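[1] What follows is a predicted protein model with its sequence.
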Amino acid sequence: MNRRTLWIVLLSVCALAVAGCGNGGHLTVTITTAPTTLAAGTNSNVVATVTHDPAAAGVTWSCTPGNSAATCGSFNPAQTPSGTASVYTAPPGPPSSTNGVVTITATSVTNTARSASAPITITGVATLNFVFAASGEENNGNGDIYSIAGVVAVAQDGSGDIISGEQDFNDGDTNTVPDDAITGGSLVMASDGSGNATLTITTASGLEGVDGTETFALAFANTNHALIVQFDGTATSSGTYDLQTSTTAPASASFSFVAAGQTGGVIADEGGVFALDASGNITGTFDTNIGASPVLGTAIPTSAIGATDSFGRGSVTGIAGANADIAYYVVGAEVLRIIDIDTTATAVGSAYGQGSTPSTSLGSSVFSISNPVIPFAAVGQFTTSEGAFTGVADLNDVNTTDVLLASPIGGTFSIAANGYGSLSFGESDFGDVVETWGVYAVDPTLNILDPNNTTDTVDVGGALIAEMDTSLVGVGTIVPQTGTAQTSFAGFYAFGGQGETTVSFDEFDFVGTGTVTAGATTNTLVGEGSLSDPFGELTDPGVLSSDATFNATATPDPDNAGRYTLGPLAVAPATGDTDFTAFNFATVTAYQASGGQLFWLEVDPDSYFVGSLEQGTAPAGGARKAQAKSNLKKH
């Protein structure tokens, strides 16, 4: 090789290798786009440019401390051409070892000795907001019925810490605590993968729960939705817990709503439809039933829906009567939880959007209606045709010991174009339910039980209902019946129940998760969860068990497809525990809207509960086992 050829080869090697050659010193890396601060768990574009890069290979991204998603964040993609953005996602919390500062680095692929760095201050903790609402009985010696609704901001750094929030509490008997700040707490999931959890909430007022700390038991059907009961002995209740997807007050939309509670110590319910204009002004029609004295078709008083705060809480004066004060929490664009915050009345309920056109027909449907104060409940199924309905239903009116099983029902119904309607029972002689229900249609694409569930397109639509009888008061739900196959009633379910017995007519509640296995002729339920029985209605006094087991066999009704009998539903402490004495709900029935949703009812003459079974996906984090023991802390 001659000297000229050797020189050309050396220059080529130098151009490729860069390092140690004269021209290599000109390769530079510069970060041209990067945030100076970023909230934990959020993301932003980052861009680096490389000059004098003969290979045009771009950069690789890294960060400190730790160079992992958990400690300093992540990049997508981790390698980018010069001038092309990567999406940087901040860690779930500020790194304590560097006082919250993360350093991102872009390193030349061609020459790893060349790089550029930039500091980013990570602020706060990424959170998700969840809206909860429940109603039940206080354990204060007065038997007060109370309502609670609020929002918790849950840290997404794996700690489950409650960062902030607010709530309203009201028992209508001198104990009204509106707009109470939530200052702490935690959400602790069971480690067995069951989807059961414990939620604790600390409030600024320190007035509710045990020394200002409320405890709830949850059963998650999926990561966005759970059933909830208060679980600290100071009260017991049932309700819902849902991901908040909006904090903005709705406008230019129509809604249906129902709520139930007490007014001046008298049981009451209400329901109706309303429309909001662009300014939030309210017009509409509502029905009330106070002490079994219904008043139908009243125009909603002039009022407007107020602006929301950062937690999606707003207020309305006059929405259900001239003297009513209502607070509401936004779950999403079409879902509000509403709570009466008068000092002499208490009620909690929901408002659901009607979409562009509410349905004026019900079709084949399943319903559940109840009032734990009286107490009574009914579940059933019906079909409609030309303004009439026929079907079967079960009723348990504990006050009158009136129990009906697979009782024929029928009558007429009508729903106007604005979704406001009624359902009137005819000569069915269905216990005390012989008069009228208010019916308020919802968006045909909305899932009433699980409003954030967009993957289940079957269990959508239906209506809210309110008892408008001269004998009973209660509220409930109508959902479409789309499938009654026994084989579809299988898989993972979250379930709950709220009820009373004739022991002292006080309340008990439970939630849990379980697996339903379909057999040749029957299905089996095996589950675990939490039992709240502070009044000793079912078993030993003051039971708060977080590891109760639930077992039952579901037998299809040969004469009524979609109806099942479950008996007994056996409830016991987990193996080796002595939390309470095992017992049975002797007779339980269920009506299947689809494999995804069922309503169930205890129909024993001295005891009842009512609730739902909601199909979902077992949360990740551990394989569930039959009768698996939860590791939740007992209270």
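    Structure received. Numbering: from 1, shown residues only.
[2] what's the helix or strand for the residue nearest to the spatial centre of the chain?
    Residue closest to the mean C-alpha point of the chain, counted by CA atoms, centre = their mean, is D242 at 2.4 Å. Here D242 sits within strand 235-243, counting by DSSP states H and E.
[3] swap in I228?
    Take DSSP H and E as the rule and I228 turns out to sit in strand 225-230.
[4] re earlier: please identify the buried residues of the strand holding D242?
    By neighbour count, and taking 16 or more other CB atoms under 10 Å as the criterion, the buried residues in strand 235-243 are A235, T236, S237, S238, G239, T240, Y241, D242, L243. For glycine as for every other residue, the C-beta is placed from the backbone atoms N, C-alpha and C.
[5] So which elements touch the next helix or strand after that strand?
    Following strand 235-243 in sequence order, the next helix or strand is strand 253-263 (DSSP H and E). Counting contacts by 3 or more CB pairs under 8 Å, 6 or more residues apart in numbering; DSSP states H and E, strand 253-263 packs against strand 145-155, strand 266-276, strand 335-340, strand 345-353, strand 436-441, strand 463-467, strand 475-480.
[6] can you list these in CSV and add distance to G542, mean neighbour count and mean pLDDT?
    Below are those laid out as CSV (distance: least, CB to CB, whole Å; neighbours: other CB atoms under 10 Å; pLDDT from 0 to 100):
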stretch, distance to G542, mean neighbour count, mean pLDDT
strand 145-155, 19, 26, 96
strand 266-276, 27, 23, 95
strand 335-340, 28, 27, 97
strand 345-353, 24, 26, 96
strand 436-441, 37, 28, 95
strand 463-467, 32, 28, 97
strand 475-480, 30, 24, 98
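[7] can you list these in TSV and add distance to A586?
    TSV is the format used below for the helices and strands packed on strand 253-263 (distance: least, CB to CB, whole Å):
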stretch	distance to A586
strand 145-155	27
strand 266-276	27
strand 335-340	34
strand 345-353	31
strand 436-441	29
strand 463-467	27
strand 475-480	24
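[8] Mind checking these for the one nearest to L199?
    Checking those against L199 by CB to CB gives strand 145-155 as the closest, at 7.3 Å.
[9] Pairing partners for the closest one, with directions?
    Strand pairing for strand 145-155, using DSSP bridges, gives strand 127-138 (antiparallel), strand 162-170 (antiparallel).
[10] coming back round to it: want to throw the buried residues of strand 235-243 into CSV with distance to F585 and pLDDT?
    Conversion of the buried residues of strand 235-243 to CSV gives the following (distance: CB to CB, whole Å; pLDDT from 0 to 100):
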residue, distance to F585, pLDDT
A235, 22, 96
T236, 17, 97
S237, 19, 97
S238, 16, 98
G239, 21, 98
T240, 22, 98
Y241, 24, 98
D242, 27, 98
L243, 31, 98
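[11] Could you save those residues as JSON lines and add columns showing distance to E614?
    Below are the buried residues of strand 235-243 laid out as JSON lines (distance: CB to CB, whole Å):
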{"residue": "A235", "distance to E614": "24"}
{"residue": "T236", "distance to E614": "21"}
{"residue": "S237", "distance to E614": "18"}
{"residue": "S238", "distance to E614": "13"}
{"residue": "G239", "distance to E614": "14"}
{"residue": "T240", "distance to E614": "10"}
{"residue": "Y241", "distance to E614": "12"}
{"residue": "D242", "distance to E614": "12"}
{"residue": "L243", "distance to E614": "15"}
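[12] quick check, nearest of the residues you listed to P444?
    Each of these was scored against P444 by CB to CB, and D242 proved nearest at 20.0 Å.
[13] Spell out which residues make up each domain of the protein.
    Domain segmentation of the chain under automatic domain parsing yields 24-123, 127-243, 485-617.
[14] can you put these in JSON lines and add distance to V266?
    Below are the domains of the chain laid out as JSON lines (distance: least, CB to CB, whole Å):
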{"stretch": "domain 24-123", "distance to V266": "48"}
{"stretch": "domain 127-243", "distance to V266": "10"}
{"stretch": "domain 485-617", "distance to V266": "17"}
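[15] returning to that earlier point: which strand residues bridge the residue nearest to the centre of the chain?
    Residues in beta-bridge contact with D242 (DSSP bridges): V131, H225.
[16] Would you agree it is in contact with V335?
    Yes. Counting by CB atoms under 8 Å, V335 is a contact partner of D242 at 7.5 Å.
[17] Return the per-residue confidence for the residue nearest to A347 when sequence neighbours are not counted.
    Leaving aside its sequence neighbours, A347 sits nearest to G261 (CB to CB, 6 or more residues apart in numbering; 3.1 Å). Turning to G261, the model gives it a pLDDT of 94.
[18] K625 too?
    35.
[19] S546 in helix, strand or coil?
    Using DSSP: H, G, I helix; E, B strand; the rest coil, the secondary structure recorded for S546 is strand.
[20] is it true that it touches F216?
    No. Counting by CB under 8 Å, S546 stays clear of F216, with 11.3 Å between them.
[21] Quick check: neighbours shared by these two?
    Counting by CB atoms under 8 Å, 6 or more residues apart in numbering, the residues touching both S546 and F216 are T198, F231.
[22] about what we covered before: any idea how far the strand holding I228 is from the chain center?
    In terms of CA atoms, centre = their mean, to the nearest Å, the centre of strand 225-230 is found 7 Å from the chain centre.
[23] Same check on stretch 337-351?
    That offset, for stretch 337-351, works out to 19 Å (CA atoms, centre = their mean).
[24] Now that stretch - C-alpha only, CSV.
    In CSV, the C-alpha atoms belonging to stretch 337-351 read as follows (Å, rounded to 0.1, in the frame of the first residue of the first chain):
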residue,chain,number,x,y,z
ARG,A,337,-73.4,12.2,42.1
ILE,A,338,-75.8,14.5,43.9
ILE,A,339,-76.3,15.0,47.7
ASP,A,340,-78.8,17.1,49.7
ILE,A,341,-76.9,19.3,52.2
ASP,A,342,-79.9,20.8,54.0
THR,A,343,-79.7,20.6,57.8
THR,A,344,-83.2,19.0,58.1
ALA,A,345,-83.1,16.7,55.1
THR,A,346,-80.7,14.1,53.7
ALA,A,347,-80.6,12.4,50.3
VAL,A,348,-78.1,11.1,47.8
GLY,A,349,-78.5,10.0,44.2
SER,A,350,-77.2,10.3,40.7
ALA,A,351,-77.9,12.2,37.5
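[25] burial count for S361?
    Using other CB atoms under 10 Å, S361 has 12 other residues around it.
[26] cool, and T112?
    T112 has 10 neighbours, counted by other CB under 10 Å.
[27] and what of P541?
    10.
[28] Skipping adjacent residues, who's closest to it in space?
    Nearest residue to P541, sequence neighbours excluded (CB to CB, 6+ apart): F535, at 7.6 Å.
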